[in-house]
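Visitor: show me the folded form of this:
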Amino acid sequence: MPGFRLLDADVGDGVTIRAAIAGDGPPLLLLHGHPQTHVTWRKIAPALARRFTVIAPDLRGYGDSSKPAGGGDHAAYSKRAMARDQVALMRLLGHERFPVVGHDRGGRVAHRMALDHPSAVERLAVFDIAPTATMYARADRAFATQYFWWFFLIQPAPLPERMILADVEFFLREHVERQNKIAGATEPEAFAEYLRCYRSPDGVHAVCEDYRAAASIDLEHDAADAVRRVEAPLLALWGARGVVGRTYDVLATWREKALDVRGGALDCGHTLQEELPDETLEQIEAFVLRKQ
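Guide: Residues are numbered from 1 along each chain as shown. Sure thing, here's the model as predicted:
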């Protein structure tokens, strides 16, 4: 991303987080989803950096960040552990309180961050997700068919790992093109970067561990916090052409989890920041600058 410097930050427990950083305004944390890396923000991060200090990390297990072993209970890839990484990163950079924008898995990390570290999260935006526990509890045949990887990736190792590694590029391309609804949104150069990171056996295992954690230890953490609500203002955006928006009343699901919720649909698929970057940028700026 033009104008960004790369940092490898030691956030503790032997984990290093790669982050792209630019700007000198108030802090803004951008968290990517699966199967992307921080590069997913390439179309909007330079513009955001004119107003904010933008920090766009690779989540643990993704990109060039550490990929620790998941452990028998997958706790190393719990959203609690992944959120703790990002709070530590921001504190290392001198930011104690900040808004966070999370797409897909990054939104799930941001949700957990807002619960575990409420003093750190000033505002919270989640892109094209409903809460994890809600999506599992209300899953039906249509959802399971369209989001099959939620149930494929959680199978015990090494079944999904070996199947993906047999033809990584095919799996990754099928995943990206199935979710994007605007052709060409992920340019060849961006796809090549995602593929570079996805080819690593450790990376594929980490992806599976992320999803295994979501179907196990993350649900335990969510159940323990079932009566709690996110206190920070929450913006939920989703793609009108995507599975989440067609399957769930997205705002209603988030109003079960947060006190102050607003948002709406954009005319795209799953990856808002790549498919409709101008509209997504406008929504982020308005929300973070407290104009909505």
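
Visitor: relative to its centroid, which residue of the chain is most remote?
Guide: Ala166 (25.7 Å; C-alpha atoms, centre = their mean).

Visitor: and it, what's its pLDDT?
Guide: As summarised for this prediction, Ala166 has a pLDDT of 98.

Visitor: then Gly25?
Guide: For Gly25, pLDDT reads 96.

Visitor: shaky segments in this protein?
Guide: 292 (pLDDT under 70).

Visitor: report the central residue of it.
Guide: Gly106 (1.7 Å).

Visitor: gap between that one and Ser119?
Guide: Distance, Gly106 to Ser119, by C-beta to C-beta, to the nearest Å: 20 Å. Just so you know, the C-beta spots here come from the backbone N, C-alpha and C atoms, and that holds for glycine as well.

Visitor: hang on, the earlier thing: show me what contacts the residue nearest to the centre of the chain?
Guide: Leu30, Leu31, His32, Gly33, Leu59 (C-beta atoms under 8 Å, 6 or more residues apart in numbering).

Visitor: now, the residues you listed that are in helices?
Guide: With DSSP state H as the criterion, helices contain none of the contacts of Gly106.

Visitor: so Trp238 sits against Val250, correct?
Guide: Yes: here Trp238 lies in contact with Val250, judged by C-beta atoms under 8 Å, at a distance of 5.1 Å.

Visitor: anything in contact with each of the two?
Guide: Joint contacts of Trp238 and Val250 (C-beta under 8 Å, 6+ apart) are Val244, Gly263, Ala265.

Visitor: so what touches the helix or strand harbouring the first one?
Guide: For Val244, the host element (DSSP states H and E) is helix 243-247. Outside of helix 243-247, the residues that reach it under the criterion C-beta under 8 Å, 6+ apart are Asp128, Ile129, Ala130, Ala142, Phe143, Gln146, Tyr147, Trp238, Gly239, Val250, Ala265, His270.

Visitor: quick check, nearest of those residues to Glu96?
Guide: Nearest to Glu96 among the contacts of helix 243-247, counting by C-beta to C-beta, is Ile129 at 26.2 Å.

Visitor: Asp128 reaches His270, doesn't it?
Guide: Yes: using C-beta under 8 Å, Asp128 is in contact with His270, at 5.0 Å.

Visitor: can you list residues touching both of these two?
Guide: Asp104, Gly239, Gly242, Val244.

Visitor: ok, and the most crowded of the residues you listed?
Guide: If you count neighbours using other C-beta atoms under 10 Å, the busiest of the shared contacts of Asp128 and His270 is Gly239, which has 25 neighbours.

Visitor: who's in contact with that one?
Guide: With C-beta under 8 Å, 6+ apart, Gly239 has these contacts: Asp128, Lys181, Gly245, Ala265, Leu266, Asp267, Cys268, Gly269, His270, Thr271, Leu272, Glu275.
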